[in-house]
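> here's a sequence, model it:
(2 chains)
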Amino acid sequence: MTHARSRACTRTAMTVAATLWPALAWAHVEESRAEGFLAGLHHPISGLDHVLAMVSVGLWGAQLGTPAVWILPVTFPMVMAFGGMLGLIGVPLPAIEVGIALSGILLGLAVLTEWRPPLSAAAAMVGFFAVFHGHAHGTELPAGASGLLYSIGFVMATGTLHAIGIGIGVIHRWSWGRVALRVAGVLVASAGAYFLWRAFA
Amino acid sequence: MSARLGRIAPGALAALLLPANSHAHLVNTGLGPFYDGVSHFALTPEDLLPALAMALLAGQRGSRTARLALFALPGAWLMGGLLGLALPTISSATALTTGSFLALGGLVATDARLRPEWLTGLALVIGLLHGYLNGAAMSQAKLGALGLVGIVTTLFVVVALAAGMVVALRAPWARIAVRVAGSWIAAIGLLLLGWSFRAA
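Have a look, this model is predicted:
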């Protein structure tokens, strides 16, 4: 066998492999389902207003201690999912952007002042604002995505943001940590004020 | 490289790679119906999450209740599956999936103190309904009862591991984490409810 012929065989083999190989890479992926999960995972972290509010819930819960530290992050995703359901089925909600901006301001102020209302009042406040966040997400959901996997990704991302907030809130046990959390509260409230200004602009 | 090998190599390579095109899932990859059933929970969160929630709920109520659920859920799943294979009238029910997520997730999140007999009854109902849907779908896909055995075997392992883990939890924060997981499942159910109305 000549050298030229050997190269021709190699080229043919590589062409065959290049033609058929891509099918292997996608053999076990249902494309729309994976897209649905990733889209759901991405949606809650796609807007700074949502991220700040959700992390603030975790921070405030950490400041308040047990049982608020877990009641608030449990309340928020469930009520937010309820708001998302309202958005999905087309129930209108007024002043959504204003509500989201106010959530940043009030949650930031709560972290700043280490406000300690009764637990039911804290849960009600968090739940009230969660409806606005959920509704905004519900109306923005992409068409054609897998509903179940989108929802799983969406809830996981939301819960993870709360967990990050709680994790950061652990520094509350140190005096410098309490100061740092108050500074974080100022930043969140300031961002909320900016979002409110933008909502009316 | 010999001339003969050079001639057959492209053909052999094509024969090696080509079958991957037409078999997207384990159902068709030739591992057989039992392993199709074993892989079912990895590919079907509609069934995995209610099964996990049921296991968490049983684990929250202690070892006796968990032991009852460990046999009640897979047993009922098998019975329902056999029924579905024999009488495949319904093959999908979004309402059942949504209802399972909401009910079981809500019960886990609230750490509902159900009596063992109530919880066993709930496991029987969930197992029968989900098993029936599995069986009906398998009947339409012309898969035999062996796939069902694979599903139930995996279900037994999933329930044993999850419920056993929860029974062993002592730290308060760990038990709270279980309740948080339940709230996530309920939240997913709420979103699914919205999706079902949107689709309709």
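
> can I have the helix or strand containing B:Arg67 written out in CSV, keeping just the CAs?
Element membership for B:Arg67 (DSSP states H and E) is helix B:63-86. Taking Å, rounded to 0.1, in the frame of the first residue of the first chain, the C-alpha atoms of helix B:63-86 are listed here in CSV:
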residue,chain,number,x,y,z
SER,B,63,-38.7,4.4,61.5
ARG,B,64,-42.0,2.5,61.9
THR,B,65,-43.8,4.7,59.4
ALA,B,66,-40.9,4.7,57.0
ARG,B,67,-40.8,0.9,57.1
LEU,B,68,-44.5,0.8,56.2
ALA,B,69,-44.1,3.2,53.3
LEU,B,70,-41.0,1.4,52.1
PHE,B,71,-43.2,-1.6,51.2
ALA,B,72,-46.5,0.1,50.6
LEU,B,73,-45.3,2.6,47.9
PRO,B,74,-43.4,0.1,45.7
GLY,B,75,-46.0,-2.6,46.2
ALA,B,76,-48.9,-0.2,45.2
TRP,B,77,-46.8,1.1,42.3
LEU,B,78,-46.4,-2.5,41.0
MET,B,79,-50.1,-3.2,41.4
GLY,B,80,-51.0,0.0,39.6
GLY,B,81,-48.5,-0.7,36.9
LEU,B,82,-49.9,-4.1,36.2
LEU,B,83,-53.3,-2.6,36.1
GLY,B,84,-52.1,0.0,33.6
LEU,B,85,-50.5,-2.7,31.5
ALA,B,86,-53.8,-4.6,31.4
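
> wait, doesn't B:Gly194 sit right on A:His137?
No: applying C-beta atoms under 8 Å as the test, B:Gly194 and A:His137 come out as separate, 10.3 Å apart. (C-beta placed from N, C-alpha, C; glycine too.)

> overlap of the contact sets of these two?
A:Gly84, A:Gly87 (C-beta atoms under 8 Å, 6 or more residues apart in numbering or on different chains).

> what's the longest helix in chain A?
Secondary structure of chain A per DSSP state H: the longest helix is helix A:175-200.

> returning to what we had before: tell me what whichever helix or strand comes after the helix holding B:Arg67 is packed against?
Remark: after helix B:63-86, the chain's next helix or strand is helix B:94-109, criterion DSSP H and E. Applying 3 or more C-beta pairs under 8 Å, 6 or more residues apart in numbering or on different chains; DSSP states H and E, one finds that helix B:94-109 contacts helix B:45-60, helix B:116-140, helix B:172-199.

> for A:Tyr163, grab phi and psi.
Residue A:163: Ala, not Tyr. Main-chain torsions, A:Ala163, degrees, to the nearest 10: phi -60, psi -40.

> quick one, grab the pLDDT at it.
pLDDT recorded at A:Ala163 is 88.

> which non-adjacent residue is nearest it?
Excluding the flanking residues, the one nearest A:Ala163 by C-beta to C-beta, 6 or more residues apart in numbering or on different chains is A:Gly58, at 6.6 Å.

> who are the neighbours in contact with the one you found?
Contact analysis of A:Gly58 by C-beta under 8 Å, 6+ apart lists A:Leu72, A:Pro73, A:Leu161, A:His162, A:Ala163, A:Ile164, A:Gly165, A:Ile166, A:Gly167, A:Ile168, A:Gly169.

> elements contacting the strand or helix carrying the first one?
Following DSSP H and E, one finds A:Leu72 within helix A:68-89. Using 3+ C-beta pairs under 8 Å, 6+ apart as the contact criterion, the secondary-structure elements in contact with helix A:68-89 are helix A:48-64, helix A:119-139, helix A:147-169, helix B:172-199.

> and the next helix or strand past it?
Downstream of helix A:68-89, the next assigned helix or strand under DSSP H and E is helix A:96-113.

> same for that next one, what does it pack against?
Counting by 3+ C-beta pairs under 8 Å, 6+ apart, helix A:96-113 packs on helix A:48-64, helix A:119-139, helix A:175-200.

> touching it from outside, list them.
A:49-50, A:52-53, A:56-57, A:59-60, A:63, A:93, A:115, A:122, A:125-126, A:129, A:131-133, A:135-136, A:181-182, A:184-193, A:195-196, A:198-200.

> taking the mean pLDDT, what do you get for that helix?
Per-residue scores along helix A:96-113 average to 93.

> next one: that helix to chain centre, how far?
Mean C-alpha position of helix A:96-113 versus that of the full chain (C-alpha atoms, centre = their mean, to the nearest Å) differs by 16 Å.

> any buried residues in that helix, and which?
Neighbour-count burial for helix A:96-113 flags A:96, A:99-112 (criterion: 16 or more other C-beta atoms under 10 Å in any protein chain shown).

> what's the angle from that helix to helix A:147-169?
30 degrees (axes from the mean of the first three to the mean of the last three C-alpha atoms, to 10 degrees).

> tilt between helix A:96-113 and helix A:119-139?
Going by the same axes, to 10 degrees, helix A:96-113 makes 140 degrees with helix A:119-139.

> now do helix A:96-113 against helix A:48-64, angle only.
Using the same axes, to 10 degrees: helix A:96-113 against helix A:48-64 is 30 degrees.

> the closest residue to A:Ala189 other than its chain neighbours and B:Thr110: what is the separation?
Nearest residue to A:Ala189, sequence neighbours excluded (C-beta to C-beta, 6+ apart): A:Gly108, at 2.9 Å. As judged by C-beta to C-beta, to the nearest Å, A:Gly108 and B:Thr110 stand 30 Å apart.

> can you check A:Ala121 too?
Noted for A:Ala121: a distance of 20 Å to B:Thr110, by C-beta to C-beta.
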